[in-house]
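K.L.:
give me coordinates for this.
(one chain, ligands or ions: 1)
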Amino acid sequence: MHILSKSTYIKGEQCPKALYMYKKHPYLRDKLSLEKRAKFKRGTDVGVLARSYFPDGVNMTPSNPSLFGKMFEKTMQNLNDPNINVMYEAIFIYNDTLIMLDILVRDGDKWRAIEVKSSMSLSDTYYHDASLQYYVLRGCNVPISDIELMYINSDYVRDGDIDIQQLFVFKSVKEFAEGQLESIDKKVNDLKEVVNLPNAPKINIGTQCFTPYTCEFRGHCWKKVPQDSFLHTTSFDSKELFSLYNGGIQDNRSFKKLINPLSLEMNQIDALEQNTFYINYKMFYDLVGERTESIAFLNLLFYKPAVPILDKHKPYQEVVIAFSILSNQNDEVTEWNCLDDYSKMEDGLKILTEKLKRFEKVVYFSAQNINSLMHKYNILESKEISYKIINFRDVLKNSDFFSKKTKYDFSLKTIYEELFPSETVFEHSRIILNATSDNELERILVDKDMEDENKYLQKMYNRLLK
Ligand code: SF4
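P.N.:
Residues are numbered from 1 along each chain as shown. Take a look at the predicted model:
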């Protein structure tokens, strides 16, 4: 049996304690939010599509985890079988570390190892992941001609059926991986020791609890940190806050002695201690601009598929799949969606352009920049358009809006529930899950949810503008 895998190695790199807890006390993990589970259900699985670039391979995925060892043996046998030229999810184990390689292709008397990524650019993490794969392959004495990352070609434009040869590009990472072998060997041995410790390693909470991923043991490790702790503030650099905290300054009273009483930090601590929110109203009013009743609250749902689903589209190009408009003047609602047929998007864009022209101000809430999407699809290009478009999320961020949860989640839900503490709001991901579901009954729920979200936005806007 193996001790580490690619995912547990990554976990251990982020924090050895997280690895230990995952192995020994997995039941202490935080509950996964809908946000984390949410993925567009429909759409192409890039990993599966990539296999068609190297067809007729043998799939080595075991039917259950107890068969990893058996499939490793089978993988090793297949390397010497002249009838097998391609393997998917080939399994290798070396130094108690298991990897599953997306695609392995015979290349003369050697093998070409390929890791598939669904992004259009390559991050350091990808290079490091591939280096761990290479370390295990080398350890298993697999003759490797190259190890490559296979990812999405950002210049690809769909024209008819998907052209697999044009959709993907390759980058060799063999040279980089060679240079990492020694440090990976050390890291693997260190992490194996961590797993074998009698107790969890003593590691203070710190920036590693959030970077590069939010740790699933936060609830456990942070249980002694009070809700109103200065650690939840945002105006100081996180590293600085942790260094004070782990250096012994753990209560707000001691922390406050160190900061300017007129600082934003102090305002945030006051908000925490009074269990309320903070906003710089002057900035807020400036950013919202002139008051008017002619406001359209806009909820726009779009989808960015890695593999273009419409002709003339590039990878990750936005496809508008639904919108809801709520008039602040008379509460009139306009709904539109093309959840059953994305090719109708152009019709929706025309309706959207026409509807929005009637308003002086358009307000939306999104972590994404919808303005650029609206420019791309000429919604903001018409000469007749004179409205001002506002991302309310940006307005709040730039007005220093702060409450106990906004450091970790600056969402409509979090902010709304702070402004209206007796109410709860569903997670935005519910809309995404339903909108991309294959189940018609779930798709029907989308319009109502989008309308409701718009009402929450309207209520927040009017509450703060009073
Ligand atoms: S919450 Fe922080 S300290 Fe605890 S295991 Fe996770 S990363 Fe490590």
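
K.L.:
now the phi/psi pair for the closest residue to residue 361 other than its chain neighbours, please.
P.N.:
Nearest residue to residue 361, sequence neighbours excluded (Cβ to Cβ, 6 or more residues apart in numbering): residue 295, at 4.7 Å. C-betas here are computed from N, CA, C, even on glycine. Main-chain dihedrals, residue 295, degrees, to the nearest 10: phi -120, psi 140.

K.L.:
wait, isn't residue 295 in contact with residue 364?
P.N.:
No. Taking Cβ atoms under 8 Å as the definition, residue 295 is not a contact partner of residue 364, at 10.9 Å.

K.L.:
OK, contacts around the residue of the stretch 51-200 of the chain found nearest the ligand?
P.N.:
For the stretch 51-200 of the chain and the ligand, the shortest gap (Cβ to the nearest ligand atom) falls at residue 200, measuring 8.1 Å. By Cβ atoms under 8 Å, 6 or more residues apart in numbering, the residues touching residue 200 are 17, 20, 21, 24, 25.

K.L.:
apply 10 Å and report the result again.
P.N.:
Residues near residue 200 by Cβ atoms under 10 Å, 6 or more residues apart in numbering: 16-21, 24-25, 28, 194, 217, 220-221.

K.L.:
before we move on, what about residue 204?
P.N.:
By Cβ under 10 Å, 6+ apart, the neighbours of residue 204 are 17, 221, 242, 243, 245, 246, 247.

K.L.:
chain neighbours aside, what residue packs nearest to the second one?
P.N.:
Among residues not flanking residue 221 along the chain, residue 205 sits closest, at 5.4 Å (Cβ to Cβ, 6+ apart).

K.L.:
hmm, back to that, can you pick the most crowded of the contacts of residue 200?
P.N.:
Neighbour counts for the contacts of residue 200, by other Cβ atoms under 10 Å, peak at residue 18, which reaches 26 neighbours.

K.L.:
contacts for the helix or strand harbouring that residue?
P.N.:
Residue 18 belongs to helix 16-24 when assigned by DSSP states H and E. Residues from elsewhere that reach helix 16-24 (Cβ under 10 Å, 6+ apart): 3-4, 7-13, 15, 27-29, 190-205, 208-209, 213, 215-218, 220-221.

K.L.:
could you export that helix as CSV, CA atoms only?
P.N.:
Coordinates of each C-alpha in helix 16-24 appear next as CSV, following Å, rounded to 0.1, in the frame of the first residue of the first chain:
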residue,chain,number,x,y,z
PRO,A,16,2.3,18.9,7.3
LYS,A,17,-0.4,19.1,10.0
ALA,A,18,-3.1,19.1,7.3
LEU,A,19,-1.6,15.9,5.9
TYR,A,20,-1.4,14.2,9.3
MET,A,21,-5.0,15.2,10.1
TYR,A,22,-6.3,14.0,6.8
LYS,A,23,-4.6,10.6,7.3
LYS,A,24,-5.4,10.1,11.0
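
K.L.:
that helix and the ligand, any residue contact?
P.N.:
Yes. Helix 16-24 reaches the ligand (Cβ under 6 Å from any ligand atom) through 17, 18, 21.

K.L.:
re the thing from before, surely the residue nearest to residue 221 touches residue 218?
P.N.:
Yes. Using Cβ atoms under 10 Å, residue 205 makes contact with residue 218 at a distance of 8.3 Å.

K.L.:
joint contacts of the two?
P.N.:
Shared contacts of residue 205 and residue 218 (Cβ under 10 Å, 6+ apart): residue 225.

K.L.:
now the strands: where do they sit in the stretch 351-466 of the chain?
P.N.:
Along the stretch 351-466 of the chain, the segments classed as strands by DSSP state E, counting those that start in this stretch run 361-364, 388-391.

K.L.:
tell me the most buried of those strands?
P.N.:
Among these, strand 361-364 has the highest mean neighbour count (mean count of other Cβ atoms under 10 Å), at a mean of 23.

K.L.:
for that strand, give the mean pLDDT please.
P.N.:
Mean pLDDT, computed over strand 361-364, is 94.

K.L.:
who are the packing partners of it?
P.N.:
In terms of contacts (3 or more Cβ pairs under 10 Å, 6 or more residues apart in numbering; DSSP states H and E), strand 361-364 is packed against strand 295-303, strand 319-327, helix 370-376, strand 388-391, helix 392-398, helix 440-465.

K.L.:
could the ones you listed go into CSV alongside mean pLDDT and distance to residue 46?
P.N.:
Formatted as CSV, the helices and strands packed on strand 361-364 follow (pLDDT from 0 to 100; distance: least, Cβ to Cβ, whole Å):
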stretch, mean pLDDT, distance to residue 46
strand 295-303, 94, 15
strand 319-327, 95, 16
helix 370-376, 81, 22
strand 388-391, 90, 30
helix 392-398, 97, 29
helix 440-465, 95, 24
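
K.L.:
which one of residue 205 and residue 218 has more residues nearby?
P.N.:
Shown here are residue 205 and residue 218; by other Cβ under 10 Å, residue 205 has more neighbours (20 against 17).

K.L.:
got any ranges where the stretch 1-150 of the chain has weak pLDDT?
P.N.:
33-44 (pLDDT under 70).

K.L.:
so who does whichever residue of it sits closest to the ligand touch?
P.N.:
For the stretch 1-150 of the chain and the ligand, the shortest gap (Cβ to the nearest ligand atom) falls at residue 15, measuring 3.3 Å. Applying Cβ under 10 Å, 6+ apart, we find residue 15 in contact with 21, 194, 201, 203, 205, 206, 208, 209, 215, 217, 221.

K.L.:
confidence score at the residue nearest to residue 209 when sequence neighbours are not counted?
P.N.:
Distance criterion Cβ to Cβ, 6+ apart; nearest residue to residue 209, sequence neighbours excluded, is residue 215 at 4.9 Å. With respect to pLDDT, residue 215 scores 94.
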